[in-house]
Structures are given as C-alpha cells and as structure tokens.
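> Based on what follows, work out the 3D shape:
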Amino acid sequence: MAPVSRFILSFVVLFILSGLVTWWWSGKPWFITKTFAVEQLATVLPKLEQLRLEAYRNQDWCKNIAYDYGTFSETSHPSTCNLFDGTPPFDDRATRDFQTLNQTFLFTGVRVRFVNLYYEGETVRLAEFHLECFWCSRTRYVYEPNYVLQEDFGSEMWFDAISETWYEVNEDWN
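You can find the predicted model right below:
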C-alpha cells in the first residue's frame with residue numbers, strides 16, 4: 001500500500017474513532033453541533049406525539065415506557081427504576097414499540113437516555129431529551145416553544161439557548 005493511501009486510511013479510521021469516542025463521552029459525535037442535534041430530535045417529535053409518549057427510559061438496568069398503549073417496565077433494580085406504580089413487564093407490542101423508539105433515537109446521532117413529554121391538548125408543550133453520556137450525566141435538550149430562558153442557579157444548574165424552541169440544561173450531578 002502506498003504511503004499516501006496509508007495516510008488517508010489512517011485519517012479516516014481516526015476520524016471514525018474520534019466520532020465514536022465523543023459519541024460515548026458527550027452524547028453526540030464532536031462534529032454534530034447542538035443545533036443539528038436538536039434539529040434531528042425535532043424530527044422525532046411527530047412520532048412521539050402519535051404514540052402519545054409521556055416517558056421513555058433506556059439504561060442497561062432499567063427500561064420504561066409510558067404511552068397510549070400503557071406503561072411498562074423491565075429492571076434488575078425495581079426500587080430505583082419503576083417510575084410508575086404497578087407497572088407490568090413489557091409485552092410483545094410494548095417491546096416492539098420500545099425497540100422502534102430506541103432505533104429512532106439512534107438514527108438521530110444523539111444518545112438519548114430518557115425522555116419526558118408534557119402535552120397541551122394533542123400537541124407536545126414540553127419535551128426533555130436527557131443525554132446518555134459519560135461526561136454529561138445531567139445534560140438535556142429541551143423543546144419548549146416560546147420559552148423564556150431561566151437564569152442559572154450558580155454552579156448547580158445552567159441554561160443555554162440553542163434556538164427559538166430549544167435550549168440546553170446542564171446540572172451538577174453531585
């Protein structure tokens with residue numbers, strides 16, 4: 001293999017690896033801006049509205065979903081995972097819907113740990129997309145039309161505008 005070809009191959013491999021590492025570390029690859037990330041998440045909102053999704057949680061030890069079909073939970077730690085009283089385990093339909101949502105979120109390029117949605121009539125009034133990442137364990141992108149950005153709470157919680165309908169919330173987790 002020619003030196004130029006090796007250089008190009010090395011560059012491509014490093015580019016891909018850096019994207020994967022930052023995806024794990026920060027919830028999205030370094031080359032995806034916050035604006036692009038929320039634009040991708042915005043494409044998911046109509047599907048979430050259609051399902052009347054209220055809550056979604058996807059962690060290795062805790063999986064929950066609450067939507068028009070019902071509330072379902074699977075966990076190895078019920079005392080810290082079951083978000084809904086008397087929640088049954090996933091049935092076949094809930095499993096398919098959960099997996100479809102998981103794939104939908106993966107295709108956005110943003111690692112979503114859990115989602116909370118609040119409705120006004122049939123329309124989402126507020127949606128919180130909590131990121132799954134090593135570095136930002138308490139970061140979320142919030143969709144809220146006509147929001148008024150809150151003031152930061154010292155070093156405990158801070159808010160950054162992304163667009164007219166989206167902002168980012170970061171919390172100190174300790």
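> who does Y167 bridge with?
V142, A161 (DSSP bridges).
> Show the contacting residues for it.
Residues in contact with Y167, defined by CB atoms under 8 Å, 6 or more residues apart in numbering, are Y141, V142, E144, Y147, L149, F159, D160, A161. C-beta here means a position set from N, CA and C on the backbone, and glycine is covered the same way.
> how about a cut-off of 6 Å?
Listed by CB atoms under 6 Å, 6 or more residues apart in numbering, the contact partners of Y167 are V142, L149, F159, A161.
> could you measure the last one against R93, distance?
This points to A161. Remark: distance between A161 and R93 (CB to CB, to the nearest Å) = 39 Å.
> The second one now?
Separation of L149 from R93 (CB to CB) stands at 39 Å.
> Walking through this protein, point out its helices one by one.
3-26, 34-42, 45-51, 78-81, 92-108 (DSSP state H).
> Which other helices and strands does the last one contact?
Helices and strands touching helix 92-108, as assessed by 3 or more CB pairs under 6 Å, 6 or more residues apart in numbering; DSSP states H and E, are absent.
> average model confidence for that helix?
For helix 92-108, mean pLDDT rounds to 94.
> roughly how far is it from the heart of the chain?
13 Å (CA atoms, centre = their mean, to the nearest Å).
> Show me what that helix is in contact with.
The contact list for helix 92-108, computed with CB under 6 Å, 6+ apart, reads Q40, L41, V44, N58, I65, F72, V112.
> Apply 10 Å and report the result again.
28, 32, 36-44, 47-48, 51, 53, 56-58, 63-65, 67-74, 88-91, 111-113, 115, 129, 132 (CB atoms under 10 Å, 6 or more residues apart in numbering).
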